[in-house]
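**Q** Prediction below, plus the sequence it came from.
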Amino acid sequence: MTHSLATEITPYTGIVYTSFQERATFITHGKTAQLAKQNGDPVLARICGTIAADEKRHENAYQKMMEKLLEVDPTDAMLGIGDMLGQNIRMPAQLMYDGENPNLFNHFSIVTQKLGVYTIADYADILEFLIERWKLEKLVGLIGKAHEAQDFVCRLPRKIRKLQERVEERAHKMKPQTMHFSWTFNKEVTL
């Protein structure tokens with residue numbers, strides 16, 4: 001099944017996106033809180049922990065909405081899930097720009113991957129979590145292309161895990177590189 005970018009955001013794709021995004025931000029803020037605590041910044045740890053708790057509440061609300069949609073309209077809900085997850089979920093941070101670095105998000109992503117704040121494994125874990133929470137493998141009564149969407153989504157975590165393996169193999173072969181971030185006063189960071 002080929003998935004193209006959605007031409008419009010629907011209530012279904014919007015709820016899928018927020019279900020995924022809220023879980024991702026819960027994870028990243030939680031891990032940032034742990035790193036802050038380990039590195040002696042209890043104030044930052046507390047702030048990030050509070051944000052993570054808020055994100056968890058948001059996550060639960062959106063995921064419950066999708067559960068209800070899957071109950072009352074499984075075919076269109078599954079199509080929405082397939083459409084949104086077929087795009088690779090993009091986080092709002094992808095739009096960040098500091099006025100200097102046109103590759104800021106890519107560099108930021110490298111840092112979060114290296115630090116373990118948000119990794120490809122987290123992406124696959126979130127997919128697996130949503131598939132299980134929404135019981136997507138057990139959905140019955142789907143009509144038309146919704147079966148294809150179900151198969152696609154349920155196989156997606158394995159594809160992401162294979163990508164993760166390739167990325168990790170490449171990372172082990174790479175020499176350390178340095179980057180500068182304007183928000184760290186252009187301090188050199190070695191990755």
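**A** Everything's here; your move.
**Q** switch to C-alpha atoms for all contacts and neighbour counts from now on
**A** Fine.
**Q** shaky segments in the chain?
**A** 1-8, 88 (pLDDT under 70).
**Q** just the strands in it please.
**A** 178-180, 188-190 (DSSP state E).
**Q** Return the most buried member of these.
**A** Among the strands of the chain, judged by mean count of other CA atoms under 10 Å, the one packed with the most neighbours on average is strand 178-180 (a mean of 13).
**Q** Which among the strands of the chain is found nearest to Asn39?
**A** Closest to Asn39 of the strands of the chain is strand 188-190 (CA to CA; 16.5 Å).
**Q** which helices and strands does that closest one pack with?
**A** Under the contact definition 3 or more CA pairs under 8 Å, 6 or more residues apart in numbering; DSSP states H and E, strand 188-190 sits against strand 178-180.
**Q** who does the strand it packs on pair up with?
**A** Counting by DSSP bridges, the strands paired with strand 178-180 are strand 188-190 (antiparallel).
**Q** what comes up buried for the lengthiest helix in the chain?
**A** Assignment by DSSP state H gives helix 42-72 as the longest helix of the chain. By neighbour count on 16 or more other CA atoms under 10 Å, the buried set for helix 42-72 is 44-46, 48-53, 55-56, 58-59, 61-63, 66-67, 69-70.
**Q** in stretch 161-180, what's buried?
**A** For stretch 161-180, by 16+ other CA under 10 Å, it's 161, 164.
**Q** same question, stretch 99-114
**A** 104-105, 107-109, 111, 113.
**Q** Thr10: what's it in contact with?
**A** Counting by CA atoms under 8 Å, 6 or more residues apart in numbering, Thr10 touches Gly80.
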